[in-house]
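S.K.: No letters, just coordinates:
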């Protein structure tokens with residue numbers, strides 16, 4: 001399925017892994033050299049494309 005390949009690029013998977021490992025968008029963004037809003041935007045784009053919530057943002061920690 002090319003759709004999944006378009007969304008789950010190696011860069012995108014690395015980004016998701018970094019967020020999950022570090023537990024916060026802000027910490028992951030710093031680790032990746034991004035501002036938190038840019039990282040959040042990228043994840044939101046993936047979520048919108050897949051129509052699924054990848055991380056629970058209801059608390060200060062990113063939960064998958």
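M.R.: Perfect, I can see it now. All figures in this text were calculated on a predicted structure; none of them were measured in a lab.

S.K.: Quick one: low-confidence residue ranges for the chain.
M.R.: Across the chain, the ranges flagged by pLDDT under 70 are 1-4, 59-64.

S.K.: now the helices for it?
M.R.: Applying DSSP state H to the chain gives helices spanning 2-7, 10-22, 25-32, 36-50.

S.K.: and of the ones you listed, who's closest to residue 58?
M.R.: Closest to residue 58 of the helices of the chain, according to Cβ to Cβ: helix 25-32, at 12.9 Å. Where you see a C-beta, it was placed from the backbone N, CA and C, and this is true even at glycine.

S.K.: how close does the residue nearest the centre of the chain get to residue 20?
M.R.: Residue closest to the mean C-alpha point of the chain, counted by Cα atoms, centre = their mean, is residue 43 at 3.8 Å. According to Cβ to Cβ, to the nearest Å, residue 43 stands 11 Å off from residue 20.

S.K.: rewinding a little: OK, contacts around the residue nearest to the centre of the chain?
M.R.: The contact partners of residue 43, by Cβ atoms under 8 Å, 6 or more residues apart in numbering, come to 15-16, 19, 25, 54-55.

S.K.: Please identify which of the residues you listed is nearest to residue 35.
M.R.: Nearest to residue 35 among the contacts of residue 43, with distances taken as Cβ to Cβ, is residue 25, at 10.2 Å.

S.K.: Cross-check the contact I'm expecting between that closest one and residue 40.
M.R.: Yes: counting by Cβ atoms under 8 Å, residue 25 sits close enough to residue 40 to count as a contact (5.5 Å).

S.K.: Look at the two and report which has more neighbours.
M.R.: Remark: of residue 25 and residue 40, residue 25 carries more neighbours, 22 against 19, as counted by other Cβ atoms under 10 Å.

S.K.: need the contact list for the more buried one.
M.R.: Residues in contact with residue 25 (Cβ under 8 Å, 6+ apart) are 19, 36, 39-40, 43, 55, 57, 62.
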